[in-house]
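Q: Need a 3D model of the sequence below.
(one chain, ligands or ions: 3)
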Amino acid sequence: MTQMIDRAGLQVAASLVTFIEARALPGTGVAADALWRGMADIYARFAPDNAALLAVRDDLQARIDAWHRDRAGQPVDPSVYQAFLREIGYLAAEPAPFAIDPHDVDAEVALVAGPQLVVPILNARFLLNAANARWGSLYDALYGTDALPGAPAAPGYDAARGTAVIGWARDFLDRAVPLAGGSWRDIAGEIPPLADPSQEVGRAGDNRLYRHHGLHIELVVDRTHPIGRDDPAGIADVVLESAVTTICDLEDSVAAVDAGDKVTAYANWLGLMTGELEETFAKNGQAVTRRLNDDRVYHDLRGNRFTLPGRSLLFVRNVGHLMTTPAVLLPDGAEAPEGILDAIVTSLIALHDLRGRRANSRAGSIYIVKPKMHGPDEAAFTNRLFDAVEDLLGLSRHTIKVGVMDEERRTSANLAACIRAVRGRIVFVNTGFLDRTGDEIHTAMHAGPMVRKADMKNAAWIGAYEDRNVQIALACGFGGRAQIGKGMWAAPDRMRDMLDQKIAHPLTGATTAWVPSPTAATLHATHYHAVDVAERQRARGSDPVASLDALLTIPLAADRDALSAAVRDELDNNVQGILGYVVRWIDQGIGCSKVPDIHDIGLMEDRATLRISSQHIANWLLHGIAAPAEVDAAFLRMATRVDAQNAGDPAYRPLGPDGLAMQAARALVFQGATQPNGYTELLLHHFRRAAKAPKTTDMVN
Ligand SMILES: CC(=O)SCCNC(=O)CCNC(=O)[C@H](O)C(C)(C)COP(=O)(O)OP(=O)(O)OC[C@H]1O[C@@H](n2cnc3c(N)ncnc32)[C@H](O)[C@@H]1OP(=O)(O)O
Ligand SMILES: O=CC(=O)O
Ligand SMILES: [Mg+2]
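A: Ligands and ions are numbered 1, 2, ... in the order given. This next block holds a predicted model:
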């Protein structure tokens with residue numbers, strides 16, 4: 001039993017009380033009494049509104065479901081459909097033109113176009129790696145991945161691959177920092193002058209520091225290094241400014257279901273904000289202690305010392321408005337909305353940076369990403385909540401910035417109004433296309449069977465969604481003020497494909513896009529050297545906004561028979577992803593995994609990808625494309641395969657037919673059509689809590 005302690009009328013888990021009073025509060029200037037009274041007051045004011053907003057979601061979904069059921073088998077007439085969505089309040093009035101107005105925004109967010117890394121906050125080892133991923137070795141990223149054809153031939157250094165890496169990096173330098181004469185491939189001896197000498201902005205010993213499109217490149221010159229020794233110019237590496245910003249994720253990539261999990265997550269965020277986080281782990285048989293990197297020291301060409309940030313600028317992604325947490329109980333005994341707790345605690349913790357060394361935000365802001373908001377009223381709620389948190393913590397208005405995930409259909413369809421609701425504090429919009437796809441399926445669950453999952457990326461709505469996100473953000477004045485972000489590269493081992501494809505993101509005028517790992521950040525950074533995003537934004541500034549009709553086009557399958565032929569493949573693929581992800585979530589509390597798909601390509605799976613797979617099967621079940629027995633057969637087939645995939649993991653427990661993981665996976669699919677907005681978290685939390693509950697035998701012993 002979790003011990004609960006009364007604080008200002010709230011029942012708060014003892015572990016959270018201790019964490020806040022002994023670790024989070026000291027040094028912030030906020031008194032414990034004031035914090036708890038303020039928290040209780042915020043809950044009293046905001047919990048009812050939070051519940052009311054969720055009731056609106058359910059009501060709208062029920063009306064949409066009924067509308068489709070009434071028209072079963074008929075094609076959707078876009079103008080009738082749009083009129084209906086307006087009538088029920090799903091579509092809000094378009095606001096008059098306006099410009100966002102956030103203040104004290106760090107250059108990394110407002111001005112620099114570059115990769116954005118996302119990292120599960122419960123994993124301190126990854127978290128430290130992510131914060132330090134501001135700088136990454138291009139040589140390592142090319143050598144150690146499939147970015148170049150082949151793979152190292154044998155353990156130890158493969159000289160032929162090394163030569164290919166160096167060649168690729170030289171070609172990159174030719175494009176990003178061309179020489180006054182000749183090619184980087186041909187230099188020997190001293191590093192020659194650049195075509196544009198102003199690109200060289202500093203030195204660190206023999207190392208050269210260049211800047212291009214606002215991003216730094218450090219040429220490591222070291223003739224004693226094993227690589228530099230054999231290089232005619234002594235170049236040992238090319239280090240790129242990589243993860244300019246990072247999102248520390250409390251949401252879809254973590255399994256945080258109780259007070260203990262929340263405290264671990266908050267403690268990691270605290271360690272980042274104080275700079276004291278460290279983690280010791282075994283790597284290649286050696287104990288390694290990882291800490292946050294220092295800033296990097298250079299001298300400009302006149303000899304003046306300056307520093308550059310050694311760490312990525314950190315955002316924290318709070319949970320959305322849906323979930324509640326047993327870490328805090330309201331005076332009526334109900335679990336408290338978790339997003340409200342996150343807003344208060346993560347902001348409180350960020351005071352250690354703001355009122356301390358300002359090692360994260362030099363401009364003095366707190367950066368919170370708010371996911372899964374549906375429409376302008378929910379964005380306005382977040383704005384009021386952040387106002388209240390600022391008042392509680394003694395912060396000036398709009399110190400807390402917000403990144404809005406454009407990942408629910410009602411937000412995409414009302415994007416300008418959503419942005420307007422947070423216009424004084426917004427610093428990004430990001431197309432979370434994974435959740436967005438799940439919501440696309442769920443919203444139109446009753447309209448008919450959806451296209452195959454892989455065909456979603458060619459559907460009309462998604463093109464309009466991606467276009468509108470950039471176009472509307474530009475029209476709202478994001479250029480030079482805030483990030484316009486694109487979604488995750490969800491195939492962490494496919495770096496060649498990422499190099500080929502993810503350049504599309506900056507080409508749209510987006511200033512950032514998500515990557516799953518530090519290595520991917522370094523490789524994706526090369527895209528921001530290839531594309532001048534500011535210029536792309538100027539070019540797109542006059543684009544007409546893609547149509548709402550296109551955005552609202554439901555991705556229904558044109559040919560039922562073609563779907564029937566694909567049922568087994570489609571089910572196997574979705575079920576394999578579901579089981580591979582869910583089993584680690586429920587049994588081990590791992591919220592983000594790399595799971596092989598049916599073609600054995602390791603895919604990043606998190607709650608958003610799970611939402612898609614489970615909703616997709618639920619939709620095909622509802623419309624009779626797949627039969628329940630076929631789905632269960634796929635669960636059986638794929639359980640064997642997932643067990644085999646995990647054979648090397650000593651912590652893994654095979655997927656028994658009655659185990660909690662299997663129950664969770666089946667519930668996600670068979671109850672998918674009735675889960676609120678198709679979210680997976682209610683069921684995941686339920687089964688994870690069951691898995692964590694002490695067994696009767698444990699209690700007896
Ligand atoms: C829809 C959405 O919401 S997307 C946002 C949520 N998704 C994410 O946050 C994805 C984050 N990425 C990850 O969690 C991981 O990269 C996974 C699960 C996809 C793959 O993990 P693994 O299979 O363990 O990765 P892999 O074995 O290739 O690499 C592990 C190494 O890379 C590092 N690494 C991998 N991902 C990250 C990351 N996101 N941040 C920091 N370091 C990372 C690890 O620290 C480790 O290095 P180390 O041994 O020096 O510590
Ligand atoms: O949060 C990101 C998404 O794609 O969903
Ligand atoms: Mg998402």
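Q: Compute the number of surrounding residues for the residue of the stretch 51-200 of the chain found nearest ligand 2.
A: Residue nearest to ligand 2 within the stretch 51-200 of the chain: residue 118 (7.9 Å; Cβ to the nearest ligand atom). Where you see a C-beta, it was placed from the backbone N, CA and C, and this is true even at glycine. Residue 118 has 25 neighbouring residues, counting by other Cβ atoms under 10 Å.
Q: which strand residues sit across from it in the sheet?
A: Note on residue 118: beta-bridge partners residue 247, judged by DSSP bridges.
Q: Wait, it touches residue 252, no?
A: No. Using Cβ atoms under 8 Å as the test, residue 118 is too far from residue 252 to be in contact (9.2 Å).
Q: where do the contact lists of those two overlap?
A: None of the residues lies in contact with both residue 118 and residue 252 under the rule Cβ atoms under 8 Å, 6 or more residues apart in numbering.
Q: Got the phi and psi for residue 577?
A: phi -60, psi -40 (degrees, to the nearest 10).
Q: Distance of the residue nearest the centre of the chain relative to residue 316?
A: Nearest to the geometric centre of the chain sits residue 118, at 4.8 Å (Cα atoms, centre = their mean). From residue 118 across to residue 316, the span is 11 Å (Cβ to Cβ, to the nearest Å).
Q: Name the residues contacting each of these two.
A: Joint contacts of residue 118 and residue 316 (Cβ under 8 Å, 6+ apart) are residue 247.
Q: what's the burial count for residue 247?
A: 28.
Q: correct me, but it touches residue 120?
A: No. Counting by Cβ under 8 Å, residue 120 is not a contact partner of residue 247; they are 10.2 Å apart.
Q: before we move on, back to that, residues in contact with the residue of the stretch 51-200 of the chain closest to ligand 2?
A: Per Cβ under 8 Å, 6+ apart, neighbours of residue 118: 246-247, 249, 253, 317, 488, 514-516.
Q: which ones among those are found in helices?
A: Among these, none falls in helices (DSSP state H).
Q: when you check ligand 1, which of those turn up near it?
A: 249, 253, 488, 516 (Cβ under 6 Å from any ligand atom).
Q: Tabulate those (JSON lines), appending distance to residue 269, pLDDT and neighbour count.
A: Output for the ones next to ligand 1 among the contacts of residue 118, formatted as JSON lines (distance: Cβ to Cβ, whole Å; pLDDT from 0 to 100; neighbours: other Cβ atoms under 10 Å):
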{"residue": "249", "distance to residue 269": "11", "pLDDT": "98", "neighbour count": "27"}
{"residue": "253", "distance to residue 269": "14", "pLDDT": "98", "neighbour count": "27"}
{"residue": "488", "distance to residue 269": "21", "pLDDT": "98", "neighbour count": "23"}
{"residue": "516", "distance to residue 269": "20", "pLDDT": "98", "neighbour count": "23"}
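Q: Keep these, but drop any that are not near ligand 2.
A: Restricting the ones next to ligand 1 among the contacts of residue 118 to those touching ligand 2 (Cβ under 6 Å from any ligand atom) yields residue 488.
Q: got the ones next to ligand 1 among the contacts of residue 118 as JSON lines, with distance to residue 129 columns?
A: Converted to JSON lines, the ones next to ligand 1 among the contacts of residue 118 look like this (distance: Cβ to Cβ, whole Å):
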{"residue": "249", "distance to residue 129": "14"}
{"residue": "253", "distance to residue 129": "14"}
{"residue": "488", "distance to residue 129": "17"}
{"residue": "516", "distance to residue 129": "12"}
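Q: still on that earlier bit, ok, of the contacts of residue 118, which one's closest to residue 604?
A: Taking Cβ to Cβ as the measure, residue 604 sits nearest to residue 516 out of the contacts of residue 118, at 5.1 Å.
Q: residues in contact with the closest one?
A: 117-118, 488-490, 492, 604.
Q: Just give me the closest of these to ligand 3.
A: residue 488 (8.6 Å; Cβ to the ion).
Q: What's opposite the closest one in the beta bridge?
A: Per DSSP bridges, residues listed as beta-bridge partners of residue 488: residue 514.
Q: could you list every residue that touches it?
A: 118, 432, 434, 514-516, 604.
Q: from what I can see residue 210 touches residue 238, true?
A: No. When contacts are counted by Cβ under 8 Å, residue 210 is not listed as touching residue 238 (9.8 Å).
Q: Mind listing the shared neighbours of these two?
A: 217-219.
Q: Of those residues, grab the buried ones for PyMOL.
A: Buried residues within the shared contacts of residue 210 and residue 238, by 16 or more other Cβ atoms under 10 Å, are selected in PyMOL with:
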select buried, resi 217+218+219
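Q: Just give me the closest of the shared contacts of residue 210 and residue 238 to residue 620.
A: For these, the nearest to residue 620 is residue 217 (48.8 Å; Cβ to Cβ).
Q: measure the closest residue to residue 379 other than its chain neighbours to residue 373 for me?
A: Nearest non-adjacent residue to residue 379, counting by Cβ to Cβ, 6 or more residues apart in numbering: residue 421, 3.9 Å away. Using Cβ to Cβ, residue 421 is found at 9 Å from residue 373.
Q: Between these two, which contacts overlap?
A: In contact with both residue 421 and residue 373: 379, 382, using Cβ under 8 Å, 6+ apart.
Q: which residues touch residue 341?
A: By Cβ under 8 Å, 6+ apart, the contact set of residue 341 is 262, 325, 327-328.
Q: Mind putting those residues into TSV with secondary structure and neighbour count?
A: What follows is these, written out as TSV (DSSP: H, G, I helix; E, B strand; the rest coil; neighbours: other Cβ atoms under 10 Å):
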residue	secondary structure	neighbour count
262	helix	27
325	strand	24
327	strand	28
328	strand	28
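Q: most distant residue from the middle of this structure?
A: residue 189 (44.0 Å).
Q: Show the contacting residues for it.
A: Per Cβ under 8 Å, 6+ apart, neighbours of residue 189: 232-233.
Q: In a helix, it, correct?
A: No. Using DSSP: H, G, I helix; E, B strand; the rest coil, the assignment for residue 189 is coil, not a helix.
Q: Using neighbour counts, pick out the buried residues of the helix or strand where residue 351 lies.
A: Here residue 351, judged by DSSP states H and E, is contained in helix 338-352. For helix 338-352, the neighbour count (16+ other Cβ under 10 Å) marks 338-352 as buried.
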